[in-house]
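K.L.:
here you go, sequence then predicted model.
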Amino acid sequence: AIVTLHLLGALVLLTLLCLQLVWGAIEAGIPAPELAAGTRRLLGWSFALLVLQVALGGWVSANYAVLACSDFPTCQGSWWPDMNLAQGFEIWRDLGLTGSGEPISFAALTAIHYMHRLLAYGVLGLLMLLAWQLNRSNAWRLQSRLLAALIGLQLATGLANVVLGWPLLAALLHTGGAAALVLTLTWVGAGAAPRRK
């Protein structure tokens with residue numbers, strides 16, 4: 001839990017620095033492009049689910065659960081592998097142990113990994129929709145393309161972690177890509193003026 005909270009705390013600091021930079025630029029006279037209400041709602045949902053996904057990713061890494069599924073798109077040859085969700089998401093416990101001190105089961109590690117993978121499908125879908133919406137406006141084309149590139153990076157490095165056995169470079173790029181996604185969504189949210197009626 002502490003490792004995952006440490007990751008989330010670092011992202012909060014990064015987000016605050018991004019907010020300061022974007023709002024400082026707006027105060028200096030750089031115009032804030034408009035963002036439609038529907039796109040703003042999509043951005044809010046995307047950001048919330050992305051933060052949840054980053055937390056799940058931190059939980060996967062902190063529990064060394066990356067290697068619980070070594071195939072794709074299935075896990076252990078199954079679309080719904082044997083999982084122990086209650087044990088996998090028992091928050092306050094020692095590493096590798098349950099709250100009662102027993103070794104954590106492989107089914108618990110599978111649950112941690114597979115929940116991260118399942119949520120990734122939804123998050124990537126929302127982010128692709130957001131990138132498409134942003135691309136419809138010239139003012140947000142740079143952020144749209146950056147978002148699309150980061151989606152591709154996350155997909156590639158996530159797959160590499162699974163099928164190549166968690167290589168360090170792929171793991172670092174996956175974490176860095178998640179941080180870059182958070183920054184990009186923060187940049188859009190902080191820099192967008194609501195569309196006037």
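P.N.:
Thanks, I have it. Residues are numbered from 1 along each chain as shown.
K.L.:
the strands in this protein, which residues?
P.N.:
With strands called from DSSP state E, the chain shows them at 34-35, 193-194.
K.L.:
and those, which one averages the lowest pLDDT?
P.N.:
In terms of average pLDDT, strand 193-194 trails the rest of these, at a mean of 66.
K.L.:
ok, L19 - contacts?
P.N.:
186, 190 (CB atoms under 8 Å, 6 or more residues apart in numbering). (C-beta placed from N, C-alpha, C; glycine too.)
K.L.:
distance of it relative to A48?
P.N.:
16 Å (CB to CB, to the nearest Å).
K.L.:
where do the helices of this structure begin and end?
P.N.:
If DSSP state H is used as the criterion, the helices of the chain fall at 2-27, 37-62, 85-88, 106-135, 141-163, 168-191.
K.L.:
so where's this protein shaky on pLDDT?
P.N.:
In the predicted model, the chain carries pLDDT under 70 at residues 193-197.
K.L.:
let's see 50
P.N.:
197 (pLDDT under 50).
K.L.:
A55 contacts L8, correct?
P.N.:
Yes. With contact defined as CB atoms under 8 Å, A55 and L8 form a contacting pair (6.0 Å).
K.L.:
which one's more surrounded, these two?
P.N.:
A55 (17 against 13; other CB atoms under 10 Å).
K.L.:
for the more buried one, give its distance to C18.
P.N.:
With CB to CB as the criterion, A55 and C18 are 19 Å apart.
K.L.:
so which of the helices of the chain comes closest to S100?
P.N.:
S100 sits nearest to helix 85-88 of all the helices of the chain, at 9.9 Å, using CB to CB.
K.L.:
I'd like to know which elements the closest one is packed against.
P.N.:
helix 106-135 (3 or more CB pairs under 8 Å, 6 or more residues apart in numbering; DSSP states H and E).
K.L.:
list the buried residues of the helix it packs on.
P.N.:
Of all the residues in helix 106-135, those buried under the rule 16 or more other CB atoms under 10 Å are 108-117, 119-120, 123-124, 126-127, 130-131, 133-134.
K.L.:
also stretch 72-88?
P.N.:
Buried-residue list, stretch 72-88, by 16+ other CB under 10 Å: 75, 81, 83-84, 87-88.
K.L.:
can you lay out the residues you listed as TSV showing distance to E34?
P.N.:
Listed next are the buried residues of stretch 72-88 as TSV, based on distance: CB to CB, whole Å:
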residue	distance to E34
C75	43
P81	46
M83	45
N84	48
Q87	48
G88	43
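K.L.:
most widely separated two among those residues?
P.N.:
Among the buried residues of stretch 72-88, C75 and Q87 lie farthest apart (CB to CB), at 16.8 Å.
K.L.:
dump stretch 59-69 to CSV, keeping only the CA atoms.
P.N.:
Output in CSV follows, covering the C-alpha atoms of stretch 59-69 (Å, rounded to 0.1, in the frame of the first residue of the first chain):
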residue,chain,number,x,y,z
TRP,A,59,-0.5,-2.4,-7.0
VAL,A,60,0.6,-4.8,-9.8
SER,A,61,4.2,-3.7,-9.6
ALA,A,62,4.3,-3.6,-5.8
ASN,A,63,3.0,-7.1,-5.6
TYR,A,64,5.2,-8.5,-8.4
ALA,A,65,2.0,-9.6,-10.1
VAL,A,66,3.1,-8.7,-13.7
LEU,A,67,4.2,-12.3,-14.3
ALA,A,68,0.9,-13.9,-13.1
CYS,A,69,-0.3,-13.7,-16.7
